[in-house]
Structures are given as structure tokens and as C-alpha cells.
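# kindly generate the corresponding structure for this input.
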Amino acid sequence: LLQAAQGGVTTLCTGPGSANVLGGTFAAIKTVGIRVDDMLLKADAAMKCAFGENPKRCYGASQKKMPMTRMGTAALLRELLVKAQNYREEMDAYEADPKNNKKPTYDCKLHAMLPVMRKEIPLKSHAHRADDIFTSLRIAKEFDLNITLDHCTEGHLIADELEKEGKGCLVGPTFGAKSKFELKNKSFDTPRVLSEAGLNICIITDAPVIPLEYLSLCAGLAVNAGLPEEEAWKAITINPAVITGISDRVGSLEVGKDADVAIYKGNPLTDLQYTTKYTLINGQIVYQAE
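Sure, this is the predicted structure:
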């Protein structure tokens, strides 16, 4: 976290990895502190689900069980969402009239899904390929869920279709090797193409794939590929704050917000030799260059 603050990153959205089809809850936290309890900005920010190669590799290739295919991943997710939908209906009925309705048997997994099923937080779909992106959107429609599109690696190939959906697109990690077949179309053109389509884009590092302190470098490489600099700044400040539901506190400099500020010598989006002079979180200096 200190390295993140050295790069001027003050807030992050973090959660479980992509081995499971449904991974768990994401949280928004500040990049300074000793106990996560004191760092939390939003405890329940999104519910992670994963498409593509990772669930297949973990279970299909390694353990020879579902999901072994992309269809298997979609089937497992649908099966869980049906259970979560039924659990929500039972819980809603009980909460509306506890005298005349039986309280459902507590299920910790399904209970964690209640904010998703009630559209209080989005399903956070991690998908690279266009077909996986479309699958995740189709499932979200089937169950009437909010959804964000993380990675969105082939988003530039289907920008016109994504524009019709109007969902937040969190692009990355784009820097680095094309380590999986589903990354063959990875490009720094993606943020520009999606922005030109009118979509609310973010640029992410998927840390530790790319260390958090290099967030501005990723935004700068998108600028180098044609994304307007102002849009690149939005993609690492206010846009992710809006999508995460924390824009009332962070993402821009406004009266009443948390006073999270990074001060640079040079422009981190265009100058390779820029320096982070100060990083302030909650109005306090947490990093100062020597």
C-alpha cells in the first residue's frame, strides 16, 4: 500500500481472484492504515464473478470437474443465481411480514448475494473475450441484475454493442504479456474506442498483475494510443469512483469530500520522469518525496 501511495493512488477496490465462478464480495479501501477496519470506504462494493480460462483451469484442467467449458461456467452461475433469487424472495416476504412468513434457513453464501439480487451492488463480471462479455450481459438481463464489465479486453471489437448496454467498462490489465489465448486481442486502443462510443470507462491494473503504483503509466499508454488526456484522468479518478458508488467521497476535488490529493512534479500521464511529491489521504500527508 505504501508503494501505491507513492504512485499517488489513494483508494482501491479489491476482492477475491478468478479461480471460482463466483468469487465473493469486493470492498473499496484507502491505501493507508494498519487495520482494514479503519481503511474501509465501502465494505460491500460488488460481487465478483469470473468467466473465461481461470475457472476452467482451476477446476476443469486441474480437478477434472465443472466448469470444464465456458458453458459449464455459465451453467454454474445460473444455478447459483436461481438459488439466490429464491432466497431473496423468501427473505423479502419474511421481512415484509415476519408474523405470517417463515424466516428462511440462514445460508451465508446466499445471504451474501442479497445485495446483488436487490440491485444494491453490481455483479462484477471479469471477462476478456467478446463471447464471455455477451454471456455475462445476457445472464444479468435474465436475473435483472446490475453489472460492470471488468477486463473488457475485446471491448474495442464490440464497442457498438456495448454502447447499447451502457454498462461501466473497467479496462485492464493491458500492460504486459498476452499470457492466455483469450488475451490475443489485448490493446491500448480499447479505452479510446470505448470512450469514443460514449461509455463510462475506467483503467485498472488488476494488481498485482500490474502494481498499483503504475496506474498512471497505464493511463499514459492509453493516451499514447489516442485517448484524450482529460478522459484518461477521468478513467483513473472520477469514473471508477462513480462505478464503485463512492463518488460522494472520492474521485474529484470538491468541498465535503475526503481530501485525497496527489501532487506531482511533471505530468504522470505524459512524463516518464515525473515525481510524486506528496500524497494526502483524508487530508493527511501519507507520503512525501525525500
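# what's the neighbour count on residue 256?
Applying other C-beta atoms under 10 Å, we find 7 residues neighbouring residue 256. Just so you know, the C-beta spots here come from the backbone N, C-alpha and C atoms, and that holds for glycine as well.
# try residue 200
The burial count for residue 200: 19, using other C-beta under 10 Å.
# now for it: which residues touch it?
168-169, 239, 242-243 (C-beta atoms under 8 Å, 6 or more residues apart in numbering).
# which one of those is nearest residue 180?
Using C-beta to C-beta, residue 169 is the member of the contacts of residue 200 that lies nearest residue 180, at 19.5 Å.
# what sits against the closest one?
Shown in contact with residue 169 (C-beta under 8 Å, 6+ apart): 148-149, 152, 155, 162, 194, 199-202.
# bridged to it, which residues?
Residue 169 has these beta-bridge partners by DSSP bridges: residue 149, residue 201.
# surely residue 139 meets residue 80?
No. Residue 139 lies out of contact with residue 80 (C-beta atoms under 8 Å); the separation is 10.7 Å.
# hang on, the earlier thing: who wins on neighbours among the contacts of residue 200?
For the contacts of residue 200, counting by other C-beta under 10 Å, the largest number of neighbours falls to residue 169: 28 neighbours.
# what pLDDT does that one get?
pLDDT, residue 169: 98.
# any idea how far it lies from residue 116?
Distance, residue 169 to residue 116, by C-beta to C-beta, to the nearest Å: 19 Å.
# where do the helices sit along the stretch 151-290 of the chain?
159-165, 189-196, 215-224, 229-235, 238-244 (DSSP state H, counting those that start in this stretch).
# identify the residues contacting the first one?
If you take C-beta under 8 Å, 6+ apart as the criterion, helix 159-165 is touched by 133-134, 137, 149, 152, 155, 169, 193-194, 196-199.
# list the buried residues of that helix.
By 16 or more other C-beta atoms under 10 Å, the buried positions in helix 159-165 come out as 159, 162, 165.
# next one: stretch 102-113
Under 16+ other C-beta under 10 Å, the buried positions of stretch 102-113 are 104, 110, 113.
# now swap in stretch 1-19 and tell me
Applying 16+ other C-beta under 10 Å to stretch 1-19 flags 4-13, 15, 18 as buried.
# repeat that for stretch 74-91.
Neighbour counts over stretch 74-91 (16+ other C-beta under 10 Å) mark 74, 76-77, 80-81, 84-85, 87-88, 90-91 as buried.
# closest one to residue 248 out of those residues, please.
Of these, the one sitting nearest to residue 248 (C-beta to C-beta) turns out to be residue 88, at 26.6 Å.
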